[in-house]
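S.K.: have a look; sequence and predicted model below, questions after that.
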Amino acid sequence: MLMGSKTSGRVWSMMRRIGYILLGAMLPISFYFLASVSETPSQRSFPIEPMAAVPAWMSSGSCVPMNETEWAESRLVLQVMEEFPVVHVMHIAAVKHFGRDRYRREGDTAIRVCAPEVLYPRLAELMLSRGMFSRGYLHANELRLAAALGPRDQRIVEAVARTAFHAFPIETKYPEARKDIRSFARTTLAGFGEAAAPWAERAFQAISAEDALGTSAAQVAVAGGHPQALERVHDLLMDALEARPDDPIPRGIRDRLYELAYAIAMGGRRAWEYAGPIHRLLGRKVESWAPPFGMIELPPRRMCRVLEYIGGQQARRALSKPPWDSHRDLYAQ
């Protein structure tokens, strides 16, 4: 009897934790309904700023396997997805849960945890059967889930591509920002690597350094293997650096430079001979927002991760010299 009571207590404790997880996800999702679905294509005459997006390989890093409790929580959230219809706020909260990285707090340290691989085929099968990837476009949380699932099914890739090259802006209506998520979809599509090849030509025609739509198009073109994309992105990045000879580089321009550098990195070994402007960027200073201090001047530390991703002897030499040899784990600025 006592054993059963303890087991029941653990189950209820876990159920409460799942409730808190989903409740935290549900609060911003209430705007999903108030705004007639969270993101809707807009045909307004004035432009919507594209969402700045960072490739998954840039921010993910390493992870540790889920422990028994964390895996049990994920299974319960999966049950929520199976039980509730796709339009229900609980299902939407579960999609948000699985689309975001998960962390374990140990003292003052947050450790990223990764789910067992068996989770993703089950998630993909469920979402495909529910028709999530058959609609005309995806919402932001669905894009995050698609990024986590990867290009395991052509229908997932095509849904991301339809969102990436939608004719009109797809505006996120969360309270903290109103952005066009098509740039986020393009970065997600580029993260699929060779699976982006059917859209490489279309992306190549859309390359620019003007905004995140143009730089994310560069990422798709390079990842998809367009034969002229790396040279085009190299020249754009070099021109942008020469147009701004004085430091610090303003934050808005810095973001475009970073996004072009991400595009070059997506070429892998093909990118080695086009990495010159990234090495030049290493020698500059950029603006970075650092509350509560405001805008401060810093070295472009994210380029450490970019050069690590590209690899090669030249990258290794650059990263072995001060100050980069002591900053290789600092990519947040």
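M.R.: Cool, got the structure. Predicted model only: the values in this text are computed from it and were never measured.
S.K.: now do the helices in the stretch 101-250 of the chain.
M.R.: 119-129, 140-149, 154-164, 182-190, 200-205, 212-223, 229-243 (DSSP state H, counting those that start in this stretch).
S.K.: what's the closest of these to residue 112?
M.R.: Judged by C-beta to C-beta, the one of these that comes nearest to residue 112 is helix 140-149, at 12.7 Å. Placement of C-beta: from N, CA and C, glycine included.
S.K.: how many degrees apart are the closest one and helix 182-190 in direction?
M.R.: In terms of direction (axes from the mean of the first three to the mean of the last three C-alpha atoms, to 10 degrees), helix 140-149 departs from helix 182-190 by 10 degrees.
S.K.: run the chain-centre distance for helix 140-149.
M.R.: Its chain's C-alpha centre and that of helix 140-149 lie 9 Å apart, by C-alpha atoms, centre = their mean, to the nearest Å.
S.K.: how about stretch 220-232?
M.R.: 20 Å.
S.K.: let me know whether residue 287 touches residue 255 as I believe.
M.R.: No: using C-beta atoms under 8 Å, residue 287 is not in contact with residue 255, being 9.9 Å away.
S.K.: now do stretch 102-119, average pLDDT.
M.R.: Per-region confidence: stretch 102-119 scores 88 on mean pLDDT.
S.K.: is it true that residue 48 lies in a strand?
M.R.: No: secondary structure of residue 48, determined by DSSP: H, G, I helix; E, B strand; the rest coil: coil, with no strand assignment.
S.K.: what's the burial count for it?
M.R.: When counting by other C-beta atoms under 10 Å, one arrives at 17 neighbours for residue 48.
S.K.: for it, what are its contacts?
M.R.: Residues near residue 48 by C-beta atoms under 8 Å, 6 or more residues apart in numbering: 42, 169, 171, 178-180.
S.K.: just the buried ones from these, in PyMOL syntax?
M.R.: This is the PyMOL syntax for the buried subset of those, where burial follows 16 or more other C-beta atoms under 10 Å:
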select buried, resi 169+171+178+179+180
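S.K.: give me the subset of the contacts of residue 48 lying in strands.
M.R.: residue 171 (DSSP state E).
S.K.: farthest pair within the contacts of residue 48?
M.R.: Top of the distance list for those (C-beta to C-beta): 42 and 179, 11.2 Å.
S.K.: joint contacts of those two?
M.R.: What both residue 42 and residue 179 touch, as defined by C-beta under 8 Å, 6+ apart, is the set 48, 171.
S.K.: going along the chain, name the strands of this protein.
M.R.: So, for the chain - with DSSP E - the strands run 39-41, 64-65, 102-106, 109-114, 170-172, 286-290, 294-298.
S.K.: those strands: which one's closest to residue 83?
M.R.: Among the strands of the chain, if distance is taken as C-beta to C-beta, the winner is strand 102-106, at 21.1 Å.
S.K.: buried residues, the closest one. List them.
M.R.: Of the residues in strand 102-106, those buried (16+ other C-beta under 10 Å) are residue 102.
S.K.: can you give the contact residues for stretch 215-226?
M.R.: 50, 53, 55, 164, 183-184, 186-187, 189-194, 196-201, 203-204, 206-209, 229-230, 232-233, 236, 256, 259-260, 262-264, 266-267, 271.
S.K.: same thing but 7 Å
M.R.: Applying C-beta atoms under 7 Å, 6 or more residues apart in numbering, the contact partners of stretch 215-226 are 53, 183, 186-187, 189-190, 193-194, 196-197, 199-201, 203-204, 206-207, 209, 229-230, 233, 256, 259-260, 262-264, 266-267.
S.K.: got it, and stretch 106-119?
M.R.: So stretch 106-119 is in contact with 61, 63-66, 70-71, 74, 101-104, going by C-beta under 7 Å, 6+ apart.
S.K.: appreciated, that's everything.
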